[in-house]
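*Asks:* based on what follows, work out the 3D shape:
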Amino acid sequence: MMSSKFRSGKKWLSVFSVLIMVIAFGAVNADAGKIKMKFSHQNNVFDADQLLAETFKKIIEAKSNGEIKVTIYPGTLTNSEEEAIEFIKSGTLDISANSGGHIAGFYEDIQFLQLPYLFKSPEHYNVARQSGVVKQILKEVGDATGLIALGIYSDCNGFGIASTKPINSIEDAKGIKLRCMQNPLFIDVYNAFGFTVTPTDWGELYTSLQTGLVNANDLGCYCQYIFKLKEVVNSFAVLQQMWTQKILMMAPKTWAKLSPEQQELVRTVAREAIELTDAWQYTKEREFVEVAKKEGLTVTYPDTAPFKKASEKVYAKWFKDHPKWKTWYNEIQYLDPGARMPDASK
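*Replies:* The predicted model follows:
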């Protein structure tokens, strides 16, 4: 006959098992209603892309009351930005930050925003980013890629030129082998400045600078530090020659899972994260120019007038091939706060 002690132990074991099942089922059930997003970017955890991803994650999870969960994959989930775009299209990824230069393979007009000296200052860029021109470009990016374009923000390319010898003027560009993104517009710009554009894979840039295969790159000063390139360059010329961009993209399959309210929330949070990231990027760039000076790197401020003059043939070529860019250009220039005054003040 079974003892009362054994029956009691068996009873408690059954109760415990039921509780475990209830908890497990509840956890699965609670998770089943959540939307999980994979957010990928190609850079390391010190980059602006990571700040944007972390900001988006924190705010969207809080404002959705945990109904939207975001996991960030910095620099590891895909082998290239082109692959990331294909992953988003297939729904393997949910959100990705992609350079305008890489998106050009899907939508060439994105390169308009990367014309040299298109934006005259950070203030001009911030105003123009809200313009009808940029909104039209974002819509057309979405149409061309089949993705949801959530917004646009600054990349670290184009703030200046880091090199193994000082650049004090446009004449110093001659003979310098410069690595830039292998994008036709970028190549035209730097050839016009007098550099010798030398193809080098991003992953080989450090070694290429170290061995002299290339002598310069066009990343901002902050990026020289976070990618450790400052170990193999000794000079930084502040030119602000281009305001290159990244586009925050979402998979249509993910977008379709969201309610209208969640879609609006995603757009709002993306805008907030982008505004913070852009402001942070400018702040870090200014901060690390000063850090570079203190650490003994040569920081120069060449006269940009000759660089702007050299850019004219780039404009002529690309305006000829893309006539609507001229209209866009005029609209963007009108929005420069540094050049506008009330009529009565003129």
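
*Asks:* the stretch 1-150 of the chain: strands as residue ranges?
*Replies:* Along the stretch 1-150 of the chain, the segments classed as strands by DSSP state E, counting those that start in this stretch run 35-41, 68-74, 95-99, 148-154.

*Asks:* which stretch of helix or strand covers the spatially most central residue of the chain?
*Replies:* When the chain is reduced to its mean C-alpha position, the closest residue under Cα atoms, centre = their mean turns out to be K246, at 3.6 Å. Assignment of secondary structure by DSSP states H and E places K246 within strand 245-250.

*Asks:* from the contact counts, what lies against that strand?
*Replies:* Using 3 or more Cβ pairs under 8 Å, 6 or more residues apart in numbering; DSSP states H and E as the contact criterion, the neighbours of strand 245-250 among helices and strands are helix 81-90, strand 95-99, helix 100-103, helix 132-145, strand 148-154, helix 260-294. (C-beta placed from N, C-alpha, C; glycine too.)

*Asks:* name the strands paired with it and say parallel or antiparallel.
*Replies:* As defined by DSSP bridges, the strand partners of strand 245-250 come to strand 95-99 (antiparallel), strand 148-154 (antiparallel).

*Asks:* just say which of those is most tucked in.
*Replies:* When those are scored by mean count of other Cβ atoms under 10 Å, the highest mean neighbour count falls to strand 95-99 (a mean of 26).

*Asks:* okay, now the nearest residue to F159 once chain neighbours are set aside: neighbour count?
*Replies:* Excluding the flanking residues, the one nearest F159 by Cβ to Cβ, 6 or more residues apart in numbering is G220, at 3.6 Å. Other residues near G220 come to 27 when the count uses other Cβ atoms under 10 Å.

*Asks:* likewise for A237?
*Replies:* Here the neighbour count serves as a burial measure; for A237 (other Cβ under 10 Å) it reads 23.

*Asks:* helix or strand for it, which one?
*Replies:* Secondary structure assigned from DSSP H and E places A237 in strand 235-238.

*Asks:* strands paired with that strand, and their directions?
*Replies:* Short version: by DSSP bridges, strand 235-238 pairs with strand 157-163 (antiparallel), strand 298-300 (parallel).

*Asks:* check the offset of that strand from the chain's centre.
*Replies:* For strand 235-238, the distance between its averaged C-alpha position and the chain's averaged C-alpha position is 22 Å (Cα atoms, centre = their mean, to the nearest Å).

*Asks:* kindly report the same for stretch 230-242.
*Replies:* Centre-to-centre, stretch 230-242 and its host chain are 19 Å apart (Cα atoms, centre = their mean).

*Asks:* and for stretch 235-243?
*Replies:* Using Cα atoms, centre = their mean, the distance from the centre of stretch 235-243 to the centre of the chain it belongs to is 18 Å.

*Asks:* with only the CA atoms kept, save that stretch in CSV.
*Replies:* Listed in CSV are the C-alpha atoms of stretch 235-243, where the atom choice follows Å, rounded to 0.1, in the frame of the first residue of the first chain:
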residue,chain,number,x,y,z
SER,A,235,47.3,64.6,-40.6
PHE,A,236,43.7,65.7,-40.9
ALA,A,237,42.5,68.5,-43.3
VAL,A,238,39.1,69.9,-42.4
LEU,A,239,37.3,70.5,-45.7
GLN,A,240,33.7,69.5,-45.1
GLN,A,241,33.6,68.6,-48.8
MET,A,242,30.6,66.3,-48.7
TRP,A,243,27.7,65.6,-46.4
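
*Asks:* per-residue pLDDT, G203?
*Replies:* If you check G203, the pLDDT there is 86.

*Asks:* doesn't it fall inside a helix?
*Replies:* Yes: G203 forms part of a helix when assessed by DSSP: H, G, I helix; E, B strand; the rest coil.

*Asks:* below-threshold pLDDT in the stretch 51-200 of the chain: ranges please.
*Replies:* 76-79 (pLDDT under 70).

*Asks:* contacts only, for the residue nearest to F159.
*Replies:* G220 makes contacts with 156-160, 281, 285, 288, as judged by Cβ atoms under 8 Å, 6 or more residues apart in numbering.

*Asks:* rewinding a little: contacts for the strand holding K246 next, please.
*Replies:* Identification of contacts with strand 245-250 by Cβ under 8 Å, 6+ apart yields 49, 52, 85, 88, 94-100, 103, 110, 113-114, 138, 141, 145, 147-155, 266, 270, 274.

*Asks:* the helix or strand just after that strand: which residues count as buried?
*Replies:* Later in the chain than strand 245-250, the nearest helix or strand by DSSP H and E is helix 252-257. Buried residues in helix 252-257, counted by 16 or more other Cβ atoms under 10 Å: 252, 254, 257.

*Asks:* repeat for stretch 314-327
*Replies:* 314-315, 318-319, 325.

*Asks:* from W255, how far out is the residue nearest to F159?
*Replies:* From G220 over to W255 the distance is 32 Å, taken as Cβ to Cβ, to the nearest Å.

*Asks:* look up how far E81 lies from the nearest residue to I85 once chain neighbours are set aside.
*Replies:* Counting by Cβ to Cβ, 6+ apart, N98 is the residue found nearest to I85 once chain neighbours are left out, at 6.1 Å. Distance check for N98 against E81: by Cβ to Cβ, it reads 5 Å.

*Asks:* and A97, by the same measure?
*Replies:* According to Cβ to Cβ, A97 stands 9 Å off from E81.

*Asks:* distance from the host helix or strand of Y225 to the middle of the chain?
*Replies:* Assigned by DSSP H and E, Y225 falls within helix 221-226. Mean C-alpha position of helix 221-226 versus that of the full chain (Cα atoms, centre = their mean) differs by 15 Å.
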